[in-house]
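**Q** Only the shape, not the letters, is given here:
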């Protein structure tokens, strides 16, 4: 009889140990970065709410436990602040010179509508998801929680926000503000969401997945509704982070980012082989490394291949977020074919590209053996940002010498001139990089 | 709001311990180049103005060859032979008698030879062959594109009939034997160089719904014509045991336009297929559907070869009564977990906005997306090649 009384406790203990052991065994596998497996950090590399198009973000908890989520929306593109008609006409820019000699909708050239208001301002908010809960919000309006709203088939607008049927819990933050997802007006940038625990500390629960649907807004009735959709990039976590608001993407705490992105696309300017509409292509890139304090600087090299093995290359230096229209390498030239493939990869990753041992850390060519080439690090901040460096001492005051951030990307096609059809694809990738990226935020909840 | 740090920490630890069980596992890979690509939905309908553009790329610096299989999943009338959806399409006007609409599964296979790093594309209704090939070697010009290889030997047929609904599988293969490329010693040199996506185009609106092909990476291919997908002796990464689909409930009002209605389509393909014997063992798909209130409804459906349906017709012929209908779900967004009971599944989803979600002709725009995948078991699927 005593044995029978003890058995349930023993069984419970064994079950508990078995669960923990199983978790431990599985935890030996490498965390992955994926668009089709749930992760602990989800990144939407292209989010638009600029008056001509808007985005619906769907975010889902795929587990049977509650999921606490801290999100950071970064407006990646600046605006020229001296537009003569700021209410109706926004000129987007990356630097002051982008605001010189712009053309207004009537075709008039405006000498200077600058300066360019600094881009890369992040805004954060929190969301709580119950077990298996799906949720969504419209980016331009955000979403206000209203537990009294009954089930129904449509949302209603409340001021500049939107109230929708369904259980939507956005907690009040530590300052007593919030209680909703804020709207993002005039927004072109990226969104990333971190799974955290109820204290706001990072938690690698791998519960999150999502999609973004970018939709055209019609000027009148019966217009708009043209859709692009893509899956979020999900970064799995594994080990509990040492710092509660710093995610190290080292293959142990969180999955490492891709080494090279590859994108199949149509040639800009060509006719779509089916509809015969002229095609434009837009590429958007988010850096893997992220900080709410300093916009991430990244240096990228592009290659574009046509169907006849013709190859063209280009490169660029950007911070925070990058958006390219009309191809990555300025057009493929006279041998252009309708189907192209482009690759994009961060340069200067601080490891040996040739020689021996390939892939190992280096600061100069001599570290890579006889005849080796060191893809040396860059000053990613400080007075010498963008220059090759061997240590942070080379980067000036408060400068940091490190690898250029990896990137994540989305390509979007536009078919036709007026009210064009659209489609979006997340870039595939070729391998995982061998150096770490770091994402940090100021804390949520 | 959550100030009890100790309770929070314990809860977090327990949560992590539990969810960690299923945290990390290999699954179908839409992101890396792979040795086997599955395009789950190819649609051509000349009458409705719909066609599909297909992209396939060789990411390797060496020439590669893919052996591909179009699967025609049309149903046909037993009396007239025409393409049908239901028996109502099978009226023989000569005899005034209805025939039966019988499900079909017909494969057509072909080869694609790609040069170094080459992107290839074609339109499903047209195919790609002859002078349309970008790199055609001739006796006088054996190296037409200046690098390695040529497209000679490639003959992509147009799809066999219209309207057409089906899938495409492409397997990176040996150009001599046409069998899947075997991995080298220790699996270090498995052939995983293919990427691709499909773009379903509405010619009238010019809107395009594109989705990535599901990639299964070769992990230990032995080069024979029997492919083990997942399982203990896996030659390729496993298919999903559970697919997770976020969806907008059918009939929900689009939150951006405020007037258009949402409708979604789901396409599922069983992983196990016998191209040699021309059979596909049926799989039962179980659906668990969650709304934003965490309320759960379920249904199930037999998947014979390729399943393609508006979501609100998965469980009923009356969309307003479906568990995928906003009138039943009560919220705008839902999540469906789709489990293949006796076999793995792949698939994709498509969201459309229309003036009336029950009428495709009022469609304004659409977008496709991949389904998330969860691998929980080690049961193998098999693909048998001729």
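**A** Looks like it came in fine. Model, not experiment: these values are computed from the prediction. Numbering: from 1, shown residues only, chains lettered A, B, ... in the order given.

**Q** Residue B:76 - how many residues pack around it?
**A** Applying the criterion other Cβ atoms under 10 Å in any protein chain shown, we find 21 residues in the vicinity of residue B:76. No exception for glycine: its C-beta is placed from N, CA and C like everyone else's.

**Q** cool, the one 10 residues further on as well?
**A** Using other Cβ under 10 Å, the number of residues around residue B:86 comes to 10.

**Q** for the one 4 residues further on, same thing?
**A** Under the neighbour criterion other Cβ under 10 Å, residue B:90 is assigned a count of 22.

**Q** could you pull out the helices for chain A?
**A** Using DSSP state H, the helices assigned to chain A run over residues A:2-26.

**Q** ok, now how distant is the closest residue to residue B:358 other than its chain neighbours from residue B:85?
**A** In space, and not counting its chain neighbours, residue B:358 is closest to residue B:319: 5.9 Å by Cβ to Cβ, 6 or more residues apart in numbering or on different chains. When distances are taken as Cβ to Cβ, to the nearest Å, residue B:319 and residue B:85 turn out to be 15 Å apart.

**Q** between these two, which one's more packed in?
**A** residue B:319 (20 against 12).

**Q** Does that one touch residue B:309 like I think?
**A** No: here residue B:319 lies out of contact with residue B:309, judged by Cβ atoms under 8 Å, at a distance of 10.7 Å.

**Q** Pull up the distance across stretch B:200-216, start to finish.
**A** Distance between the boundary residues of stretch B:200-216 (Cα to Cα, to the nearest Å) amounts to 22 Å.

**Q** I should have written stretch A:248-256 there, sorry.
**A** For stretch A:248-256, the separation between the terminal residues is 9 Å (Cα to Cα).

**Q** Quick check: buried residues in it?
**A** Counting neighbours by 16 or more other Cβ atoms under 10 Å in any protein chain shown, one finds that the buried residues in stretch A:248-256 are A:248, A:249, A:251, A:253, A:254, A:255, A:256.

**Q** Over to the fourth one: give its phi and psi.
**A** Per-residue torsions, residue A:253: phi -70, psi -60 (degrees, to the nearest 10).

**Q** so what's it up against?
**A** With contact taken as Cβ atoms under 8 Å, 6 or more residues apart in numbering or on different chains, residue A:253 is in contact with A:204, A:237, A:238, A:239, A:240, A:241, A:242, A:247.

**Q** Surely the fifth one touches residue A:203?
**A** What it means is residue A:240. Yes: Residue A:240 is within contact range of residue A:203, at 7.5 Å (criterion: Cβ under 8 Å).

**Q** Chain A contacts on the stretch 151-300 of chain B?
**A** For the stretch 151-300 of chain B, the residues found near chain A under the criterion Cβ under 8 Å from any Cβ of the partner chain are B:195-197, B:199, B:201-203, B:205-210, B:212, B:244, B:246, B:248-249, B:251-260, B:290-294, B:296.

**Q** now, which of the residues you listed lie within strands?
**A** Among these, the members falling in strands (DSSP state E) are B:195-197, B:199, B:201-202, B:208-210, B:212, B:244, B:246, B:248, B:290, B:296.

**Q** Quick check: residue A:273 vs residue B:334, distance?
**A** As defined by Cβ to Cβ, residue A:273 lies at a distance of 35 Å from residue B:334.

**Q** neighbour count winner among those two?
**A** Legend: neighbour count by other Cβ under 10 Å for residue A:273 and residue B:334, higher for residue B:334 (30 against 18).

**Q** Quick check: beta-bridge partners of that one?
**A** Beta-bridge pairing of residue B:334 under DSSP bridges involves residue B:247.

**Q** The residue in the stretch 151-300 of chain B that chain A sits nearest to: what's its closest spatial neighbour, skipping adjacent residues?
**A** Ranking the residues of the stretch 151-300 of chain B by distance to chain A (Cβ to the nearest Cβ) places residue B:292 first, at 3.0 Å. Among residues not flanking residue B:292 along the chain, residue A:166 sits closest, at 3.0 Å (Cβ to Cβ, 6+ apart).

**Q** who are the neighbours in contact with the one you found?
**A** Applying Cβ under 8 Å, 6+ apart, one finds that residue A:166 lies in contact with A:135, A:151, B:291, B:292, B:293, B:330, B:331, B:332, B:333.

**Q** What of residue B:334?
**A** By Cβ under 8 Å, 6+ apart, residue B:334 lies in contact with A:134, B:246, B:247, B:248, B:249, B:289, B:290, B:291, B:292, B:324.

**Q** Quick one: low-confidence residue ranges for the chain.
**A** Chain wasn't specified; assuming chain A. Within chain A, the ranges that satisfy pLDDT under 70 run A:1-28, A:118, A:172-179, A:219-222, A:330-335, A:443-445.

**Q** um, chain B though
**A** Within chain B, the stretches with pLDDT under 70 are B:1-29, B:186-188.

**Q** what residue lies at the spatial centre of it?
**A** Centrality entry for chain B: nearest residue to the mean C-alpha point is residue B:40, 1.8 Å, by Cα atoms, centre = their mean.

**Q** doesn't residue B:165 make contact with that residue?
**A** No: taking contacts as Cβ under 8 Å, residue B:40 lies outside contact range of residue B:165: 10.7 Å.

**Q** Endpoints of stretch A:59-73, how far apart?
**A** End to end - Cα to Cα - stretch A:59-73 spans 14 Å.

**Q** does residue B:55 really touch residue B:199, like I thought?
**A** Yes: Residue B:55 is in contact with residue B:199 according to Cβ under 8 Å; the separation is 7.4 Å.

**Q** Tell me the buried residues in stretch B:291-309?
**A** Neighbour counts over stretch B:291-309 (16+ other Cβ under 10 Å) mark B:291, B:292, B:294, B:297, B:299, B:301, B:303, B:305, B:306, B:307, B:308 as buried.

**Q** element containing the last one, please.
**A** Residue B:308 is part of strand B:307-310, with elements assigned from DSSP states H and E.

**Q** Please name the residues that touch residue B:382.
**A** Under the criterion of Cβ under 8 Å, 6+ apart, the neighbours of residue B:382 are B:226, B:227, B:228, B:229, B:272, B:274.

**Q** for the stretch 51-200 of chain A, what spans make up the strands?
**A** A:53-61, A:67-75, A:78-79, A:92-93, A:100-103, A:109-112, A:121-129, A:134-138, A:143-144, A:156-158, A:161-163, A:180-181, A:187-196 (DSSP state E, counting those that start in this stretch).

**Q** same question, the stretch 101-250 of chain B
**A** According to DSSP E, counting those that start in this stretch, the stretch 101-250 of chain B carries its strands in the segments B:101-102, B:106-114, B:119-123, B:164-173, B:194-202, B:208-212, B:214-216, B:226-229, B:242-248.
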